[in-house]
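Chemist: got a structure for you, letters missing:
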């Protein structure tokens, strides 16, 4: 099972000039999977928390494109918080319970996923998640 | 060679509720390739035109996440213009010369690409592009 101790914030390289900013995520460098689905979230009232689930199989790479997100990650044994600012990216492995609190009104969060949407891949409550971690024999 | 007559605007499905908006591009539906690189552009002074190049091999799927972009596409024989609004997507095939004019100050344009960055894949001027189309025997 993955550990939140492995979580880290990446700085997505940006090329800034008079014509604006171009930010590039070369997947070989940041995203250790083939991307088959993306989604992005915006227009979230500041202070709202979304996510609050784990995936059994789906890996996600989250990029804060605008604004700020407080990301809370749990592996069942430990919980860690991170503030993603615009231009920050973070890999969220399957088996990690993640919640995102949107801090700024204009925040845009982009997620790159290695699997299509599968309802059965979601673990929606912390109780279910702890049970899942125990059943997986999570010795940490 | 591709034709601009095939270009079309897609509406990326959005799920809107009190917690904000989630927009999802399932690649099987919109993006006919494996994504190995993404980039996004923002902070562009309104009225600025970027792009102004064609790719020989790289396919790109552009999503206007915020604001508006005027997209001008040429296949060497014909030129067409499109206005992409927030939530619109468009496939740009290789062999199409594309320019993007950023209409609103807060515009964010996301590009999904099927190839890593390769300097030699770019055709930077319309003269070179017309020569490339002629050499490819572009009978349309």
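Modeler: Nice, I can see it. This is a predicted model, so every value here is computed, not measured. Numbers count the residues shown, from 1 in each chain, chains lettered A, B, ... in the order given.
Chemist: CA atoms for contacts and neighbours, from now on please.
Modeler: Will do.
Chemist: what's in contact with stretch A:25-38?
Modeler: Contact with stretch A:25-38 is made by A:10, A:12-13, A:59, A:61, A:91, A:110-116, B:24-28, B:34-39, B:116, as judged by CA atoms under 8 Å, 6 or more residues apart in numbering or on different chains.
Chemist: apply 6 Å and report the result again.
Modeler: Stretch A:25-38 is contacted from outside by A:111-116, B:24-27, B:35-38, using CA atoms under 6 Å, 6 or more residues apart in numbering or on different chains.
Chemist: try stretch A:80-91
Modeler: By CA under 6 Å, 6+ apart, stretch A:80-91 touches A:9-12, A:61-73.
Chemist: report the rounded mean pLDDT for it.
Modeler: Averaging pLDDT along stretch A:80-91 gives 95.
Chemist: beta partners for residue A:42?
Modeler: With beta bridges defined as DSSP bridges, residue A:42 has these partners: residue B:21.
Chemist: ok, which residues in chain A are in contact with chain B?
Modeler: Applying CA under 6 Å from any CA of the partner chain, we find that chain A lies next to chain B at A:19-27, A:35-44.
Chemist: return a selection command, for use in ChimeraX, containing the buried ones of those residues.
Modeler: The buried subset of the residues of chain A next to chain B, as determined by 16 or more other CA atoms under 10 Å in any protein chain shown, is captured in ChimeraX by this line:
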select /A:19,21,22,23,24,25,26,27,35,36,37,38,39,40,41,42,43,44
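Chemist: what about residue A:110, how many neighbours?
Modeler: Residues lying near residue A:110 (other CA atoms under 10 Å in any protein chain shown) number 22.
Chemist: that one in helix, strand or coil?
Modeler: Using DSSP: H, G, I helix; E, B strand; the rest coil, the structure places residue A:110 in strand.
Chemist: any idea how far residue A:27 lies from residue A:110?
Modeler: From residue A:27 across to residue A:110, the span is 14 Å (CA to CA, to the nearest Å).
Chemist: in the worst-scoring helix or strand of chain A on mean pLDDT, what's buried?
Modeler: Within chain A, no helix or strand scores below helix A:27-30, which has a mean of 77 by mean pLDDT, DSSP states H and E. By 16+ other CA under 10 Å, the buried positions in helix A:27-30 come out as A:27, A:30.
Chemist: how far off centre is it?
Modeler: 16 Å (CA atoms, centre = their mean, to the nearest Å).
Chemist: in strands only, show me the contacts of stretch A:25-38.
Modeler: With strands defined by DSSP state E, the entries of the contacts of stretch A:25-38 inside them are A:111-113, B:24-26, B:37-38.
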